[in-house]
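Peer 1: sequence and computational prediction follow.
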Amino acid sequence: MTEAAFNPFSLEGRQILVTGASSGIGEATARLCANMGARVFACGRNEERLNKVVSELAGAGHQAIVGDLTDPAARQLVVDAVPSLDGCVFSAGTAALAPMRLLSQKHLDAMFAVNYNAPVLLTQALLAKRRIAHGASMVYVTSIAQHVTPNATAAYAGAKAALTASVRIMALEGAKHGIRANCVSPGYVATPMLDGLEDVMNPEQLAATAPLGMIEPDEIAAGIAWLLAPASRWVSRTTLLIDSGQTLHVR
Ligand SMILES: NC(=O)c1ccc[n+]([C@@H]2O[C@H](COP(=O)([O-])OP(=O)(O)OC[C@H]3O[C@@H](n4cnc5c(N)ncnc54)[C@H](OP(=O)(O)O)[C@@H]3O)[C@@H](O)[C@H]2O)c1
């Protein structure tokens, strides 16, 4: 390829794992990666929705992997199914709310199991089985909940903050193998997860928190794709905040 033809935003020929690909940000990421030329290994719990997404991806060779990533057997299934990966996107996650006064061990465990333990333990298992190629990019979806203070998110925000801290260590340890690790921290994004917050905030209140407008999943996927692509080659251990100005008031 001539220098002039080099496209720093292309994912042509890359093999990329996307968790949470059956919905929202993960689904948008899987679709965009495929459009940019990648072969996608898509994980989700809901088999019907996941298979539909995979069947609609551009290009060929994509694969659906069904399972609950809080289950070690499901993580092993992923490790066994994937080849050497050039990129991983950890988007699977859930947010449940509980004010501090009502916080329980069960709630804390549930938030950490899916938002912290699952991505960290899946990363460990992929590394241990040498499924992460030299030059690969790892992208973890965190949340502005760790930077600002949405009501009743102590457990969720704590899990995402812990994930950010571990990703920084992953970046340090990965560097000697040419592996990058970064976070994308979204503000409120119009996905099914947000529907679960309707009890505490109606759509108008949600929209009012975002001075630049409501974010769509595709727009988070674009940031993730940049972190996967050669364009961000020298970027590691950072958090890309995509929040439509929701944290502008935090000084
Ligand atoms: N939407 C927002 O406003 C927002 C803001 C900040 C951060 N985030 C973060 O963005 C990520 C994606 O959220 P989203 O908004 O796209 O939500 P979503 O539309 O509800 O999608 C969540 C995805 O995670 C998967 N998932 C959940 N629990 C899982 C488990 N135990 N094992 C395997 N997969 C699991 C779901 O699978 P199934 O659907 O197949 O069950 C689904 O594919 C999450 O990490 C979330 O914390 C979202």
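Peer 2: Yes, it's here.

Peer 1: and the gap between R49 and the ligand?
Peer 2: 6 Å (Cβ to the nearest ligand atom, to the nearest Å). No exception for glycine: its C-beta is placed from N, CA and C like everyone else's.

Peer 1: repeat that for Y188.
Peer 2: Taking Cβ to the nearest ligand atom, one finds Y188 at 4 Å from the ligand.

Peer 1: again with P186
Peer 2: Counting by Cβ to the nearest ligand atom - P186 and the ligand are separated by 4 Å.

Peer 1: give me the phi and psi for T209.
Peer 2: Main-chain torsions, T209, degrees, to the nearest 10: phi -80, psi -10.

Peer 1: isn't it up against Q246?
Peer 2: Yes. When contacts are counted by Cβ atoms under 8 Å, T209 is listed as touching Q246 (5.3 Å).

Peer 1: comparing those two, which shows the higher neighbour count?
Peer 2: A count of neighbours by other Cβ atoms under 10 Å puts Q246 above the other of T209 and Q246, at 22 against 19.

Peer 1: now the common contact residues for T209 and Q246.
Peer 2: G187, Y188 (Cβ atoms under 8 Å, 6 or more residues apart in numbering).

Peer 1: which parts of the host helix or strand of A221 count as buried, going by neighbours?
Peer 2: Element membership for A221, per DSSP states H and E: helix 217-228. For helix 217-228, a neighbour-count test (16 or more other Cβ atoms under 10 Å) marks P217, E219, I220, A221, G223, I224, A225, W226, L227, L228 as buried.

Peer 1: which one of those is nearest to the ligand?
Peer 2: Nearest to the ligand out of the buried residues of helix 217-228 is P217 (Cβ to the nearest ligand atom; 6.2 Å).

Peer 1: so what's the closest one closest to, chain neighbours aside?
Peer 2: A28 (3.7 Å; Cβ to Cβ, 6 or more residues apart in numbering).

Peer 1: give me the distance between the one you found and S143.
Peer 2: 16 Å (Cβ to Cβ, to the nearest Å).

Peer 1: surely G245 and T209 touch.
Peer 2: No. Using Cβ under 8 Å, G245 is not in contact with T209, being 9.0 Å away.

Peer 1: shared neighbours, the two?
Peer 2: With Cβ under 8 Å, 6+ apart as the test, G245 and T209 both reach G187.

Peer 1: looks like G13 contacts G37 (just checking).
Peer 2: Yes. Taking contacts as Cβ under 8 Å, G13 lies within contact range of G37: 6.4 Å.

Peer 1: what about the two, which has more around it?
Peer 2: Neighbour count, other Cβ under 10 Å: between G13 and G37, G37 has more, with 14 against 9.

Peer 1: who's in contact with that one?
Peer 2: S10, L11, E12, G13, R14, G59.

Peer 1: tell me how many other residues crowd the last one.
Peer 2: What that stands for is G59. 14.

Peer 1: if I look at it, how far off is E204?
Peer 2: 40 Å.

Peer 1: from F41, how far out is D80?
Peer 2: 11 Å.

Peer 1: near the ligand, which residues of the stretch 1-150 of the chain?
Peer 2: Applying Cβ under 6 Å from any ligand atom, one finds that the stretch 1-150 of the chain approaches the ligand through 20, 22-26, 44-46, 49, 68-70, 91-95, 114, 141, 143.

Peer 1: so among those residues, which ones count as buried?
Peer 2: 20, 22-26, 44-45, 49, 69-70, 91-93, 95, 114, 141, 143.

Peer 1: return the subset of those residues lying in helices.
Peer 2: G24, I25, G26, R49 (DSSP state H).

Peer 1: just checking, the third one touches V89?
Peer 2: Yes. With contacts defined as Cβ under 8 Å, G26 counts as touching V89 at a distance of 7.0 Å.

Peer 1: which neighbours do these two share?
Peer 2: V18, T19, V141.
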